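A.B. asks: just to be clear, the model below is a prediction. Sequence and coordinates:
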Amino acid sequence: MKFIELFAGIGAFRLGLENTGHECVYSNEWLEKPRRIYERNFGEQPDPRDIRLISANELPDADIIVGGFPCATFSYAGKRTGFSLEDTRGTLAFEMFRLARDKRIPYILFENVKGLLNHDKGRTFGIILSVLDAMGYDCQWELLDSQNFGVPQHRERIFLVANLRGKPRPKVFPIGRTGEPNVKQDSGKSKSREGLFSNISPTLDAHYSKGGASRQYVVEENPDIAVAQWRRGYFREYKSDGVPTLTANMGTGGHNVPFVRAILSPERKEKRQNGRRMKEIGEPSFTITAQDRHGVVIDDGRKIAIRKLTPLECERLQGFPDNFTKYYENGTLVSDSERYERCGRTISIPVVEAIGRNLHEFYE
């Protein structure tokens, strides 16, 4: 399919869809820094205009329009204002739908936070469905978690695909945990399988630079080795003292590696609060929010240290190629704080790829 990418950011939708055989014919992003990173990776900058000023007759012909419109107004970490006069970011969704309707683009694909589903007791999502219905689109959607698509990050996002009535309906959802269609049991329920990773990172968000939480990239001196270990599932064996070891197929002889615990407010030795401040070994980390500071305690049996994920590790948690966010179009370095923000505001590439593969198939 030929696609138009709105709210493009650094180009996650483009990367995932192009990886699965689709073609980008136009993109739009009004923030300068993401546009410059986008140009570095794709050789062209998105249209910088405010989407509200773009008319449908200025767009090229396309089969599908895609985008992740601003989610702060629906996020649990935000004020959850939704569609309001006080915060108009929520209304940008309708600008995307307007362009699709006026251009008569057959298909729409959008992504947003899990909170969109139950915002205002479900009325907000109901409004979106009603608007698309009135425009002549039928919808299918699913809540997808990145940890089920080959990256060790717990990141739940709603994806919706709409098609104009009279156009073939793509066989997109449901998608199984590895990007394959769900296998149905006799009871009619989706077959349950354990996640690809028993220990995963929490959701990355735009506030990650304020402090990170992690439990998997634990080799501080060489994050490349740590990522490879987790992607191949090597942290499976534990010695009697509770220290995890590498399995023999790493060819290392099974030497010890550090283990970690997630912690809140790592900069404070003592802190009174409701609930626990530190997780146990093997437990999921705390959810990263804009209000809390998160860290990871690394204990190798000799010393205890606290660190957060590197920008490279954040890219890998989202499925991007290494150093995708490292440079601007002119070769200058992107600051770490900007790289953290870009990784926190983007989409996991393997999820987009799974959807992109399914967009090639249609119900008869």
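C.D. replies: Great, that's in hand.
A.B. asks: residue contacts, Lys121?
C.D. replies: Taking Cβ atoms under 8 Å, 6 or more residues apart in numbering, we find Lys121 in contact with no residue. Every C-beta, even on glycine, is put in place using the N, C-alpha and C of the backbone.
A.B. asks: and for Leu164?
C.D. replies: Per Cβ under 8 Å, 6+ apart, neighbours of Leu164: 104, 106-107, 136-137.
A.B. asks: farthest pair in those?
C.D. replies: Tyr107 and Gly136 (12.2 Å; Cβ to Cβ).
A.B. asks: these two: who's more crowded?
C.D. replies: Taking neighbours as other Cβ atoms under 10 Å, Tyr107 and Gly136 compare with Tyr107 leading, 23 against 14.
A.B. asks: quick one: that one from Arg169, how far?
C.D. replies: 10 Å (Cβ to Cβ, to the nearest Å).
A.B. asks: shared neighbours of those two, which are they?
C.D. replies: If you check Tyr107 and Arg169 against Cβ under 8 Å, 6+ apart, the residues they both contact are Asn163.
A.B. asks: how about Lys103: what's its closest non-neighbour residue?
C.D. replies: Ala56 (4.1 Å; Cβ to Cβ, 6 or more residues apart in numbering).
A.B. asks: hang on, that neighbour packs against Asp102?
C.D. replies: Yes: look at Ala56 against Asp102 with Cβ atoms under 8 Å: they come within range, at 3.4 Å.
A.B. asks: who touches both of the two?
C.D. replies: What both Ala56 and Asp102 touch, as defined by Cβ under 8 Å, 6+ apart, is an empty set.
A.B. asks: which parts of the chain are helices?
C.D. replies: Assigned by DSSP state H, the helices in the chain fall at 12-18, 32-42, 92-103, 115-118, 123-134, 223-231, 311-317, 336-344, 349-358.
A.B. asks: out of the ones you listed, name the one with the poorest average pLDDT.
C.D. replies: In terms of average pLDDT, helix 223-231 trails the rest of the helices of the chain, at a mean of 37.
A.B. asks: tally of neighbours for Tyr327?
C.D. replies: Tyr327 is flanked by 15 other residues according to other Cβ under 10 Å.
A.B. asks: for Gly150, that is, sorry about that
C.D. replies: 19.
A.B. asks: ok, Glu329 next?
C.D. replies: By the measure other Cβ under 10 Å, the count of residues near Glu329 is 16.
A.B. asks: ok, now which ones touch the nearest residue to it once chain neighbours are set aside?
C.D. replies: Leaving aside its chain neighbours, Glu329 sits nearest to Glu39 (3.9 Å; criterion: Cβ to Cβ, 6+ apart). Contacts for Glu39 (Cβ under 8 Å, 6+ apart) come out as 45, 328-329.
A.B. asks: how close does Glu39 sit to Gln318?
C.D. replies: According to Cβ to Cβ, Glu39 stands 19 Å off from Gln318.
A.B. asks: who's in contact with Phe3?
C.D. replies: 13, 17, 22-25, 62-66, 109.
A.B. asks: for Ile65, see how far away it is.
C.D. replies: From Phe3 across to Ile65, the span is 7 Å (Cβ to Cβ).
A.B. asks: could you do Glu39 as well?
C.D. replies: Distance from Glu39 to Ile65, by Cβ to Cβ: 21 Å.
A.B. asks: same deal with Thr124?
C.D. replies: Taking Cβ to Cβ, one finds Thr124 at 21 Å from Ile65.
A.B. asks: settle it for me: which of these two has more neighbours?
C.D. replies: Comparing Thr124 with Ile65 by other Cβ under 10 Å, the one with more neighbours is Ile65, at 24 against 20.
A.B. asks: my guess is the more buried one contacts Arg104, does it?
C.D. replies: No: contact between Ile65 and Arg104 fails when scored by Cβ under 8 Å: they sit 10.8 Å apart.
A.B. asks: buried only: go through the contacts of Phe3 for me.
C.D. replies: 13, 17, 22, 24, 62-66, 109 (16 or more other Cβ atoms under 10 Å).
A.B. asks: could you list the low-pLDDT ranges of this structure?
C.D. replies: 71-90, 176-276, 279, 282-296, 300-304, 306-309, 364 (pLDDT under 70).
A.B. asks: using TSV, lay out the contacts of Leu164 together with distance to Glu280.
C.D. replies: TSV is the format used below for those (distance: Cβ to Cβ, whole Å):
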residue	distance to Glu280
Arg104	55
Pro106	51
Tyr107	46
Gly136	53
Tyr137	47
